[in-house]
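Provided below are the primary sequence and the corresponding predicted coordinates.
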Amino acid sequence: MSPTFRALHNPNYRRYALGSLVSNTGTWMMRVAQDWLVLELTHGSGTALGVTTGLQFLPVLLLSPYAGVVADRFPKRRLLQLTQLTMALASLVLGLLAVVGVAEVWQVYVIAFLFGIGSAFDAPARQSFVSELVDADDLTNAVGLNSATFNAARIVGPAVAGLMIGALGGGAGATGWVILVNAASYGAVIWQLQHMDAALLHSPKPVARTPGMLLEGVRYVRSQPKMMLILVMVFFAGTFGMNFQITSALMATQVFGKGAGEFGILGSAMAVGSLAGALLSARRVRIRVRLLVGAALGFGSAEILAGLMPTYLSFAIVCPLIGLCTLTMLNSANATMQLESEPALRGRVMALYMTIVMGGTPIGSPIIGWVGQQYGARWTLLGGGILTILGVGLALALFARPARAQAESLARAEREPVPAEAA
């Protein structure tokens, strides 16, 4: 089997990847439809779009650390079935409201928040569950392939959603049918989780409940300068740079005067680069910090370049570059956090990671939406790119030297012979 796809030799992982592809396609369809629904209901308000995105990600900021404790305490396969069902129900309700023509903005806000609660508990369990599906030697490959399926769906989902919305009339009712497709897609994940071979899983024994479990995870991460360096970089990128739902929507509508179909194409264009980045990441066996730093700097620079593009076509051409840098950065960060963490703490480590990556969105997206409304859509990209680059500089200034010193200390300890025990 090709090194790029070596994790697929595991039957459980094959089922997982297939179910994820179906569900992720539906998720990306819903993202486009939800954004378009908000724009329809508010007559193009960037602030309302930012508030919706912020509410959807706010539970990640509030609940992910606790969700990490839950992921370490309970079987992840069953927990994932429950979270997928929760998100399916939220999608079902929003889709029905839109289809029957009674959807209002406040209802979208509430359902986005409820959907976010399911996502908050889903993310750390799903991220850490990958290490139970495959051997340690295949973990980096599996993380890359996860991103590849995610971004293959990202290519198809927005384009299909845009075409469906346009074909069905472009109004709020049209977005509802797309959201209902997403509600049905969660069944694929629930099915594949149910039909996995439990004997092939590398599931650690669930951790017993003890006082201070959450703080234990925080203290562990704080003691790892490499992890702290990664978290600072992805915080700035995730909070101020990775607001693609807002930036692409505002650029498509306000700057270039385009409709739902062209908006969906921008998401697919970005996903082409993301898919390439994911497949390149899947081939790597070893990840260096310099790769992560370079990808973060490239991401910030690509966003600035996109904000300066004069036409829709030139903007769409830059989108794959943004996607490539984004996925290279996130995959490198994700795999490093998992490989560097202790198995008993991995759920909490990944919860903190997801809190930083996604939890900054409730802070950044209302700000980015307001900036777009006050100063123009281009500044949502220019500002995000500049702040991402500044964040990389801050991370290196604070943690590069301690991370290097810790790595050298561990290398020396591995080279030193272990003294024989006294008789």
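Arrived safely, thanks for sending.

next up, phi/psi of T239, please.
Backbone geometry at T239, expressed as degrees, to the nearest 10, gives phi -80, psi -40.

that one touches I368, doesn't it?
No: at 9.1 Å, T239 and I368 do not qualify as touching, with contact defined as C-beta atoms under 8 Å. For every residue, glycine as well, the C-beta is placed using N, CA and C.

compare these two and say which one has the larger neighbour count.
Comparing T239 with I368 by neighbour count (other C-beta atoms under 10 Å), the higher total belongs to I368, at 30 against 25.

now V60: how far from A7?
From V60 across to A7, the span is 26 Å (C-beta to C-beta, to the nearest Å).

who are the contact partners of the closest residue to L85 other than its chain neighbours?
Distance criterion C-beta to C-beta, 6 or more residues apart in numbering; nearest residue to L85, sequence neighbours excluded, is I190 at 6.6 Å. Residues in contact with I190 (C-beta atoms under 8 Å, 6 or more residues apart in numbering) are Q81, Q84, L85.

quick one: buried ones out of the residues you listed?
Neighbour-count burial within the contacts of I190 applies to Q81, Q84; the criterion is 16 or more other C-beta atoms under 10 Å.

could the contacts of I190 go into JSON lines alongside secondary structure, distance to T27 and pLDDT?
Supplementary listing: the contacts of I190 in JSON lines, determined by DSSP: H, G, I helix; E, B strand; the rest coil; distance: C-beta to C-beta, whole Å; pLDDT from 0 to 100:
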{"residue": "Q81", "secondary structure": "helix", "distance to T27": "17", "pLDDT": "92"}
{"residue": "Q84", "secondary structure": "helix", "distance to T27": "11", "pLDDT": "92"}
{"residue": "L85", "secondary structure": "helix", "distance to T27": "15", "pLDDT": "93"}
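
which non-adjacent residue is nearest A88?
Ranked by C-beta to C-beta, 6+ apart and with sequence neighbours excluded, the top spatial neighbour of A88 is Y186, at 3.8 Å.

state the number of residues packed around the one you found.
25.

check what pLDDT it gets.
We note a pLDDT of 91 for Y186 in this prediction.

give the contact list for it.
Applying C-beta under 8 Å, 6+ apart, we find Y186 in contact with S23, G26, Q84, L85, M87, A88, S91.

and if we set it to 10 Å?
With contacts defined as C-beta atoms under 10 Å, 6 or more residues apart in numbering, the neighbours of Y186 are 19, 22-23, 26-27, 81, 83-89, 91-92, 118.

buried set for the helix or strand where the residue nearest to L85 lies?
Following DSSP states H and E, the helix or strand that holds I190 is helix 172-194. Taking 16+ other C-beta under 10 Å as the basis for neighbour counts, the residues of helix 172-194 that come out buried are 172-183, 185-190, 192-193.

what of stretch 339-346?
In terms of neighbour count (16+ other C-beta under 10 Å), stretch 339-346 has its buried residues at S341, P343, L345, R346.

show me which of these is closest to G162.
Within the buried residues of stretch 339-346, proximity to G162 (C-beta to C-beta) peaks at R346, which comes in at 37.7 Å.

ignoring the adjacent residues along the chain, who's closest to the closest one?
The nearest residue in space to R346 (C-beta to C-beta, 6+ apart) is S128, at 4.7 Å.

so what's the residue count around the one you found?
27.

on that earlier part again, now, which of the contacts of I190 sits nearest V38?
For the contacts of I190, with V38 as the reference and C-beta to C-beta as the criterion, the closest is Q84, at 24.1 Å.

pretty sure that closest one sits against G187.
Yes: using C-beta atoms under 10 Å as the test, Q84 is close enough to G187 to be in contact (8.5 Å).

shared neighbours, the two?
Common contacts of Q84 and G187, defined by C-beta under 10 Å, 6+ apart, comprise G19, S23.

for the host helix or strand of R290, the averaged confidence score.
In this structure, R290 sits in helix 289-307 according to DSSP H and E. Taken as a whole, helix 289-307 has an average pLDDT of 93.

taking helix 289-307 as reference, get the angle to the helix or strand just after it.
Following the chain from helix 289-307 toward its C-terminal end, the next helix or strand by DSSP H and E is helix 312-340. Helix 312-340 and helix 289-307 meet at an angle of 160 degrees, taking axes from the mean of the first three to the mean of the last three C-alpha atoms, to 10 degrees as the criterion.

tell me the pLDDT of E416.
pLDDT for E416: 66.

R73 now?
The predicted structure scores R73 at 82 on the pLDDT scale.

with V234 instead?
pLDDT for V234: 91.

and the closest residue to it other than its chain neighbours, what element?
Taking C-beta to C-beta, 6+ apart as the measure, V234 lies nearest to V357, with 5.0 Å between them; neighbours along the chain are not counted. Counting by DSSP H and E, the element that carries V357 is helix 346-359.

what's stretch 56-63 in contact with?
Residues outside stretch 56-63 that contact it (C-beta under 10 Å, 6+ apart): 31, 34, 54, 67, 70, 90, 108-109, 111-124, 238, 245, 351, 354-365.

can you list the neighbours in contact with stretch 392-409?
Identification of contacts with stretch 392-409 by C-beta under 10 Å, 6+ apart yields 223-237, 289, 292-297, 299-300, 329.

quick check: buried residues in it?
Of the residues in stretch 392-409, those with enough neighbours to count as buried (16+ other C-beta under 10 Å) are V392, A395, L396, F399, A403.

next: stretch 157-177.
157-162, 164-165, 170, 172-177.

flag the shaky bits of the stretch 301-423 of the chain, pLDDT-wise.
For the stretch 301-423 of the chain, the stretches flagged by pLDDT under 70 are 359, 361-362, 410-411, 413-423.

tell me who's in contact with the residue minimising distance to the centre of the chain.
In the chain, the centroid-proximal residue (C-alpha atoms, centre = their mean) is M358; its distance is 6.7 Å. For M358, the set of contacting residues under the criterion of C-beta under 10 Å, 6+ apart consists of 56-57, 59-61, 64, 116, 119-120, 123, 234, 238-239, 242.
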